[in-house]
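Participant: fold the following.
(one chain, ligands or ions: 2)
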Amino acid sequence: MAGDEITLSSPLLMLKGVGPGLQEKLNKLGLKTVADLLFHLPLRYQDRTRIYPIGTLQDGMEVVIQGEIERTEVVFRRRRMMLVRVADGSGSILLRFFHFSEKQRQGLRAGALIRCFGEARIIAGSPEMVHPEYRVNPTADGAEVEEYLTPVYPATDGVGQTTLRRLVDQALNHVEIVAELLPPELLTGNQPALADALLYLHRPPPEAQLELLREGMHPAQQRLAFEELLAHQLSLLKIRASAKQHRAHALLPKGELARRFLDALPFDLTAAQQRVVGEIENDLRQGQPMMRLVQGDVGSGKTVVGALACLQAVEAGFQAAVMAPTEILAEQHYRNFSQWFEPMGLTVAWISGKQKAAQRREMRALIAAGQAQLAVGTHALFQDDIEFQRLALVVVDEQHRFGVHQRMALREKGASAGSAPHQLIMTATPIPRTLAQTAYTDLDLSIIDELPPGRKPVTTVALPNDRRADVVERVANACRAGQQCYWVCTLVEESDALQCEAAEVTHAGLQEALPDLNVGLVHGRMKHAEKEQVMTAFKAGELHLLVATTVIEVGVDVPNATLMIIENAERLGLSQLHQLRGRVGRGSGKSSCVLLYQAPLSQSGRRRIKAMRETSDGFAIAQIDLELRGPGEILGVRQTGLMQFRVADIIRDSSLIPAVGNAAQRIVSQYPEKVDPLIQRWIGDRLQYREV
Ligand code: ADP
Ligand code: MG
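Facilitator: Numbers count the residues shown, from 1 in each chain. Ligands and ions are numbered 1, 2, ... in the order given. Have a look, this model is predicted:
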């Protein structure tokens with residue numbers, strides 16, 4: 001026997017019954033090695049370990065029954081079918097077959113004993129099974145039923161359950177080759193050893209609690225989830241450690257520019273802003289690159305925090321860059337930073353993908369020569385032709401989706417003369433704590449958990465589309481009373497072009513209905529100069545009403561705007577609704593938000609609208625969003641590679657995360673030799689540390 005040669009990395013070809021053809025099909029399932037097979041866990045289980053009395057069946061039970069055939073008949077009820085009546089003394093059940101052969105029918109004679117496996121349905125009070133698996137005249141011996149709960153594996157064409165079970169059985173004969181990587185003191189309470197957990201999950205005993213297994217809450221599953229989360233945590237800690245090995249410019253100015261900036265501001269920083277500013281200031285004084293994520297709900301005042309970080313770099317003699325995800329937000333930052341910094345004798349450059357070649361050339365030159373201390377722009381800031389003379393800080397605004405790979409790339413790119421730039425990432429999308437602890441382990445976190453004083457909560461109402469006329473009237477009244485309003489047109493999943501067109505139509509309609517008001521329009525397909533002009537006019541109060549697409553979703557700040565209408569609100573995700581609503585309630589005036597929806601609402605649509613009406617707390621909203629949509633949606637596609645778990649579920653298993661965090665620290669400090677094997681086991685080469 002070749003048995004004792006089997007290792008975790010043995011190709012499946014080594015197993016009995018696997019030839020090149022089957023091996024190829026197994027590869028398609030992602031199964032290449034014996035280890036892959038051992039970690040190929042059942043999706044669910046069937047209980048074929050006992051025979052249920054027919055009289056005890058409940059709707060939806062997937063069970064084995066056994067009884068005597070009373071009658072078999074072929075009938076026509078809309079379509080031809082075979083009905084088989086089976087009784088066992090406790091009750092009787094009807095088996096229904098829509099496809100059957102003559103031979104099959106003849107095998108099902110009255111008086112014969114039959115054993116069936118299938119899902120029971122209770123129809124009009126009596127049990128039925130449609131197309132059960134069955135055997136006529138099974139040995140009456142009850143020992144013939146299965147010894148274990150039957151696993152149902154993820155399968156594919158040509159690799160069915162039987163094949164998978166047979167191969168897993170062979171692999172399980174060698175399950176002890178799965179090394180235990182966790183030191184015993186990290187395994188608490190009822191956590192089994194890894195090999196035992198795997199064995200249990202592939203072959204659960206009859207008394208296993210199916211309910212727990214179904215929910216993924218069985219200790220064996222939790223043991224695997226724990227180790228998987230741990231491996232992810234370790235991989236991020238490793239990225240973080242490698243980041244800390246880079247050098248950065250220590251920024252040690254006297255703080256003169258910051259003082260002048262703060263003196264000129266018409267308000268004082270909130271305590272939360274001050275705390276976060278202090279954390280950043282301290283980071284920037286170090287000789288390693290800062291990697292910090294600032295979370296602050298919409299309107300919490302992140303921009304001034306970013307500005308202060310820039311001033312620290314500038315006063316220390318370096319350059320800073322501020323990047324925003326949309327043109328509109330980048331333009332707003334450019335306006336703000338210019339107004340703040342130019343009176344101090346500083347030069348602010350502007351870079352956008354849409355600017356004219358001549359302007360871009362001029363801006364590039366300012367940046368390359370170090371004449372511009374600050375550059376503001378979109379992603380275009382990091383295109384190859386833009387070279388900074390002495391870049392020491394990058395501020396990335398409203399970009400929690402800026403993934404770990406992008407952060408690493410930015411570090412490489414901005415690196416000059418052996419120094420990586422400091423990175424400050426700011427987001428208004430609160431990331432639920434458990435998620436942040438899992439996805440952003442490579443970043444330090446700061447939270448601005450306070451809004452500037454005097455803000456009043458935004459009142460939110462939801463109205464069906466047939467109340468649109470009332471809404472228009474409400475807008476008219478508000479505008480005539482000197483307030484400013486947004487009207488947001490959304491078309492989810494349609495093209496950008498259609499969305500802009502819808503906004504144009506709405507704009508024309510509203511301007512016609514409200515001839516005494518100035519109605520503006522802004523959308524993504526307009527020219528840069530046009531958008532700029534419209535936003536400036538709105539900000540200056542020259543426009544009463546601004547019709548917009550979701551381009552105004554993030555960052556736009558017009559404190560005098562107090563009313564927002566969102567069309568098709570039922571189609572937007574919660575985080576997006578929260579961001580949009582954050583455009584109002586930024587000043588001291590009382591603000592409202594009207595969610596217009598198309599009835600009838602889906603269940604999740606109703607839940608989202610309810611959440612919007614009930615809370616304005618971004619963290620609460622993010623938690624609900626996480627439950628409704630899962631982490632991939634919140635973190636963005638780029639992050640999901642990091643968040644694809646085989647066993648763990650970030651929501652279900654969030655209670656494990658604190659212990660995972662502690663275990664990770666402990667392993668790094670006391671068992672560093674376990675780090676790479678754990679990462680290798682669970683993540684493999686999905687995470688490339690060096691080449692990104
Ligand atoms: P966000 O965190 O959403 O990016 P902004 O930086 O745009 O918020 O700030 C929102 C508004 O609050 C701006 O008009 C800004 O000038 C104002 N603001 C910021 N900090 C304070 C403060 N401490 N007191 C009063 N207003 C503030
Ligand atoms: Mg902002």
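Participant: not counting sequence-adjacent ones, nearest residue to residue 369?
Facilitator: Leaving aside its sequence neighbours, residue 369 sits nearest to residue 389 (CB to CB, 6 or more residues apart in numbering; 6.3 Å). C-beta coordinates here come from the backbone N, C-alpha and C atoms, glycine included.
Participant: where does the one you found land in three-state SS?
Facilitator: coil (DSSP: H, G, I helix; E, B strand; the rest coil).
Participant: elements contacting the strand ranked longest in the chain?
Facilitator: With secondary structure taken from DSSP state E, the chain has its longest strand at strand 62-77. Under the contact definition 3 or more CB pairs under 8 Å, 6 or more residues apart in numbering; DSSP states H and E, strand 62-77 sits against strand 79-87, strand 92-97, strand 113-119.
Participant: tell me which parts of the protein are close to ligand 2?
Facilitator: Residues of the chain lying close to ligand 2 (CB under 5 Å from the ion) are 302, 555.
Participant: where does the chain have its least confident helix or strand?
Facilitator: helix 637-640 (a mean of 42; mean pLDDT, DSSP states H and E).
Participant: so what sits opposite residue 422 in the bridge?
Facilitator: Beta-bridge partners for residue 422, by DSSP bridges, are residue 393.
Participant: and if you look at the one 5 residues further on?
Facilitator: With DSSP bridges applied, the residues forming beta bridges to residue 427 are residue 295.
Participant: what's the residue nearest to residue 369 sitting at in phi/psi?
Facilitator: Torsion angles at residue 389 (phi, psi; degrees, to the nearest 10) stand at phi -80, psi -50.
Participant: ok, it - contacts?
Facilitator: If you count contacts by CB atoms under 8 Å, 6 or more residues apart in numbering, residue 389 has them with 319, 367, 368, 369, 370.
Participant: need the residues that contact stretch 339-354.
Facilitator: By CB under 8 Å, 6+ apart, stretch 339-354 touches 257, 260-261, 264, 307, 311, 314, 327, 330-331, 334, 337-338, 359-360, 363-364, 366-367, 371-381, 383, 386, 527-528.
Participant: for residue 674, see how far away the residue of the stretch 1-150 of the chain found nearest ligand 2 is.
Facilitator: In the stretch 1-150 of the chain, the residue that lies nearest ligand 2 is residue 30 (41.5 Å; CB to the ion). Plainly put, residue 30 is 25 Å away from residue 674 if you go by CB to CB, to the nearest Å.
Participant: and these two? Which one has more around it.
Facilitator: The neighbour count for residue 30 versus residue 674, taken as other CB atoms under 10 Å, is higher for residue 674 (18 against 12).
Participant: residue in the protein nearest to ligand 2?
Facilitator: residue 555 (4.2 Å).
Participant: what's the nearest residue to that residue if we skip its chain neighbours?
Facilitator: That would be residue 329: by CB to CB, 6+ apart, it lies 3.7 Å from residue 555.
Participant: list the contacts of that neighbour.
Facilitator: Applying CB under 8 Å, 6+ apart, the residues near residue 329 are 397, 398, 554, 555, 556.
Participant: so it, which state does it fall into?
Facilitator: Quick answer, by three-state DSSP: residue 329 is helix.
Participant: would you map the strands across the stretch 501-650 of the chain?
Facilitator: 519-522, 545-548, 561-566, 592-597 (DSSP state E, counting those that start in this stretch).
Participant: can I get those in a markdown table including mean neighbour count, mean pLDDT and distance to ligand 1?
Facilitator: Converted to a markdown table, these look like this (neighbours: other CB atoms under 10 Å; pLDDT from 0 to 100; distance: least, CB to the nearest ligand atom, whole Å):
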| stretch | mean neighbour count | mean pLDDT | distance to ligand 1 |
| --- | --- | --- | --- |
| strand 519-522 | 23 | 94 | 18 |
| strand 545-548 | 28 | 95 | 17 |
| strand 561-566 | 25 | 95 | 11 |
| strand 592-597 | 22 | 95 | 16 |
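Participant: got CSV for those, with distance to residue 244 too?
Facilitator: CSV is the format used below for these (distance: least, CB to CB, whole Å):
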stretch, distance to residue 244
strand 519-522, 43
strand 545-548, 42
strand 561-566, 43
strand 592-597, 43
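Participant: so the residue of the chain closest to ligand 2 makes contact with residue 332?
Facilitator: Yes - in this structure, residue 555 is within contact of residue 332 by CB atoms under 8 Å, at 6.4 Å.
Participant: how about the strands in the stretch 251-400 of the chain?
Facilitator: With strands called from DSSP E, counting those that start in this stretch, the stretch 251-400 of the chain shows them at 291-296, 319-323, 348-351, 374-377, 391-397.
Participant: any part of the first one near ligand 1?
Facilitator: Yes - part of strand 291-296 sits near ligand 1 under the criterion CB under 6 Å from any ligand atom, namely residue 296.
Participant: which outside residues touch that strand?
Facilitator: 240, 243, 272, 276, 279-280, 283, 302, 305, 400, 407, 423-431, 436, 440, 442-449.
Participant: and the residues you listed, which are buried?
Facilitator: Buried residues within these, counting neighbours by 16 or more other CB atoms under 10 Å: 240, 243, 272, 276, 279-280, 283, 302, 305, 400, 407, 423-431, 436, 440, 442-443, 446-449.
Participant: just want the angle from the helix or strand in which residue 425 is found to strand 391-397.
Facilitator: Residue 425 belongs to strand 422-427 when elements are defined using DSSP states H and E. Interaxial angle, strand 422-427 versus strand 391-397 (axes from the mean of the first three to the mean of the last three CA atoms, to 10 degrees): 10 degrees.
Participant: circling back: just among the contacts of residue 389, which is most surrounded?
Facilitator: Neighbour max across the contacts of residue 389 (other CB under 10 Å) = residue 367, 25 neighbours.
Participant: for that residue, give me its contacts.
Facilitator: Residue 367 touches 319, 349, 351, 375, 386, 387, 388, 389, counting by CB under 8 Å, 6+ apart.
Participant: which non-adjacent residue is nearest the second one?
Facilitator: Nearest non-adjacent residue to residue 349, counting by CB to CB, 6+ apart: residue 372, 3.7 Å away.
Participant: distance check, the one you found against residue 336.
Facilitator: Residue 372 is 16 Å from residue 336, by CB to CB.
Participant: show me which of the two is the more surrounded one.
Facilitator: Neighbour count, other CB under 10 Å: between residue 372 and residue 336, residue 372 has more, with 24 against 17.
Participant: what's the span of stretch 73-81 from first residue to last?
Facilitator: 8 Å (CA to CA, to the nearest Å).
Participant: next one: it to chain centre, how far?
Facilitator: In this view, stretch 73-81 has its centroid 49 Å away from the chain centroid, taken as CA atoms, centre = their mean, to the nearest Å.
Participant: does the residue in the stretch 351-500 of the chain positioned nearest to ligand 1 belong to a helix, a strand or coil?
Facilitator: Proximity of the stretch 351-500 of the chain to ligand 1 (CB to the nearest ligand atom) peaks at residue 452, 3.2 Å away. Look at residue 452: counting by three-state DSSP, its state is coil.
Participant: that one reaches residue 267, doesn't it?
Facilitator: Yes - contact between residue 452 and residue 267 holds when scored by CB under 8 Å: they sit 6.7 Å apart.
Participant: more neighbours: the two, which one.
Facilitator: Neighbour comparison, residue 452 and residue 267: the larger count goes to residue 452, with 17 against 12 (by other CB under 10 Å).
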